[in-house]
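Trainee: need a structure here:
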Amino acid sequence: MTSAGHPSPTKRKVDPSVLLALAVIMIAALVLGVPALMNAFDRQWISEDVGTEDAVIALRLTAGEKSYLALLDADGTSRVARVDERGFQHSRLAWTQAGLSTGGPDAEYVLHDDGSTKVDLKGTTSASVTESQRLPAPGGFLVANGSARGNSLAFIDAEGGSAEEIDVSFSHAEFAACDDEVVMVEFGGQLGAVTPQTRDLHGQNVFDDLPTLFCDGDRVYGLGEISEDRSRPTQSLRTWDRATGARSTAELVYPRDVSAFEAYTPFEREGRLYWTADGDLWSVPLQGDHEGDLPSGTKKAVSSADLGPFVGDFLTASEDQGAYAQAGRCVIGVGVDDEAADLGVFTVDLETGEPRIALVADDIDLSSSRSMTVTALAVKPGWAPKGC
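Mentor: Below is the predicted model of the structure:
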């Protein structure tokens, strides 16, 4: 009791572990600096609180043995969240008006402006499962996964936050996302729709000289393997017209030896087909002999731009890792400055072929690894850097 007759104040004991934690934080702040320390705490695991907010570019990247989702604003400000890969550096991104889609080992995530929706999956719990394709689909997204035990598809309902998973055994096909449907090339050579109700998914793929398939409006384009003929590399271009059912085949001829197996990041712009291969951005005209005809015969591939290996101080990411995207009249790529641990987003003008550093994300600060690899890139729908 006190002299006034009141109870003595109770002395609260402080947990030694709390004192130790505070001491570690203070030491880390002195050694690393407060900004680096705060950035380390910002690397939270992906959760329902992580949304796109003002982001215009999304990246999947690895640093050391850890994997991340990085969201970049137009001024280069970044936010980073931890999310493990589904397979080794195979997790992809797809960004539409329905949201930003990405995945972890056993779950899908759809990010919106103010948060994200987690969709648990049952068919990807095995550590051997690898993501093979991710693309927009009516109402959300389609994700294809594979393992030694078989393949599966997950149709993601972006608004409802659910998934319909389909075991497709060992069938495998290349898919393309059109405006109103997902399609594949059936073994007979015709197009077929891919829906949750589709059960026969034995379609053409890399073993049928169809490693790349994409859609632009009513036309679907398929690019074959690049031949190993060093003196005259060639590649097939197949075209399907969804409206008329017409088909055609053309041969693309490269002017030099190309050290690549297939084409990546294909897209159509103002009557030309563009794609990346062996450090170059290539293109060919898509018109046939007469207006409205599908491309046929032999077409000479033209190098429209040199994509590296460096843009400024940044080592450009390899095109076989999906780290390019088209926005407006530009191709957007990303490079890594390992020495400074910075990311640089660059643009290449399709008309001039000139590269330009559009923004630098110097606050990601994964410098503890001193090595970053960008494995996927996506751009917010409707956004393009200044000048594109």
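
Trainee: State the phi and psi torsions of Asp208.
Mentor: phi -110, psi 30 (degrees, to the nearest 10).

Trainee: Just give me the neighbour total for it.
Mentor: 15 (other C-beta atoms under 10 Å). (C-beta placed from N, C-alpha, C; glycine too.)

Trainee: Helices along this protein, start to end?
Mentor: With DSSP state H as the criterion, the chain has helices at 16-32, 34-42.

Trainee: Tell me how confident the model is about stretch 236-252, as a mean pLDDT.
Mentor: For stretch 236-252, the mean per-residue pLDDT is 97.

Trainee: Same check on stretch 93-104?
Mentor: Mean predicted lDDT for stretch 93-104 stands at 97.

Trainee: ok, now stretch 165-176?
Mentor: For stretch 165-176, the per-residue pLDDT averages 92.

Trainee: gap between the two ends of that stretch?
Mentor: With C-alpha to C-alpha, to the nearest Å as the measure, stretch 165-176 spans 19 Å from end to end.

Trainee: before we move on, what about stretch 247-265?
Mentor: 22 Å.

Trainee: Just the buried residues of it, please?
Mentor: Buried residues in stretch 247-265, counted by 16 or more other C-beta atoms under 10 Å: Ala250, Leu252, Tyr254, Val258, Ala260, Glu262, Ala263, Tyr264, Thr265.

Trainee: Can you tell me which of the residues you listed lies closest to Val345?
Mentor: Of all the buried residues of stretch 247-265, Val345 sits closest to Thr265, with 15.0 Å by C-beta to C-beta.

Trainee: coming back round to it: export the buried residues of stretch 247-265 to CSV and append columns for distance to Ser303.
Mentor: What follows is the buried residues of stretch 247-265, written out as CSV (distance: C-beta to C-beta, whole Å):
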residue, distance to Ser303
Ala250, 18
Leu252, 13
Tyr254, 9
Val258, 10
Ala260, 13
Glu262, 17
Ala263, 13
Tyr264, 15
Thr265, 15
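
Trainee: Out of these, which comes closest to Ser162?
Mentor: Nearest member of the buried residues of stretch 247-265 to Ser162, counting by C-beta to C-beta, is Thr265, at 30.5 Å.

Trainee: Quick check, that closest one in contact with Tyr324.
Mentor: Yes - counting by C-beta atoms under 8 Å, Thr265 does reach Tyr324; the two are 4.3 Å apart.

Trainee: Now for the two: what residues contact both?
Mentor: Here Thr265 and Tyr324 have Thr276, Val331 as joint contacts, going by C-beta atoms under 8 Å, 6 or more residues apart in numbering.

Trainee: Next one: Thr52 from Ser231, what distance?
Mentor: 48 Å (C-beta to C-beta, to the nearest Å).

Trainee: what about those two, which has more around it?
Mentor: When Thr52 and Ser231 are compared for neighbours, Thr52 comes out ahead with 20 against 6, by other C-beta under 10 Å.

Trainee: isn't the more buried one right next to Val110, touching?
Mentor: No - in this structure Thr52 lies outside contact range of Val110 using C-beta under 8 Å: 10.2 Å.

Trainee: which residues do these two both contact?
Mentor: Joint contacts of Thr52 and Val110 (C-beta under 8 Å, 6+ apart) are Gly99, Leu100.

Trainee: So which bits of stretch 227-244 are buried?
Mentor: Pro233, Thr234, Gln235, Ser236, Leu237, Arg238, Thr239, Trp240, Asp241, Arg242.

Trainee: export those to TSV and tack on distance to Thr102?
Mentor: Shown next, in TSV, are these (distance: C-beta to C-beta, whole Å):
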residue	distance to Thr102
Pro233	34
Thr234	35
Gln235	30
Ser236	32
Leu237	30
Arg238	30
Thr239	31
Trp240	29
Asp241	33
Arg242	29
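
Trainee: Find the nearest non-adjacent residue to Ala98, please.
Mentor: Ranked by C-beta to C-beta, 6 or more residues apart in numbering and with sequence neighbours excluded, the top spatial neighbour of Ala98 is Ala158, at 3.9 Å.

Trainee: Starting from Asp208, give me the distance back to the one you found.
Mentor: 31 Å.

Trainee: cool, and Thr375?
Mentor: 26 Å.

Trainee: Glu159 now?
Mentor: 35 Å.

Trainee: for Gly335, same thing?
Mentor: Gly335 is 35 Å from Asp208, by C-beta to C-beta.

Trainee: same check, this time on Trp95
Mentor: From Trp95 over to Asp208 (counting by C-beta to C-beta), the distance is 29 Å.
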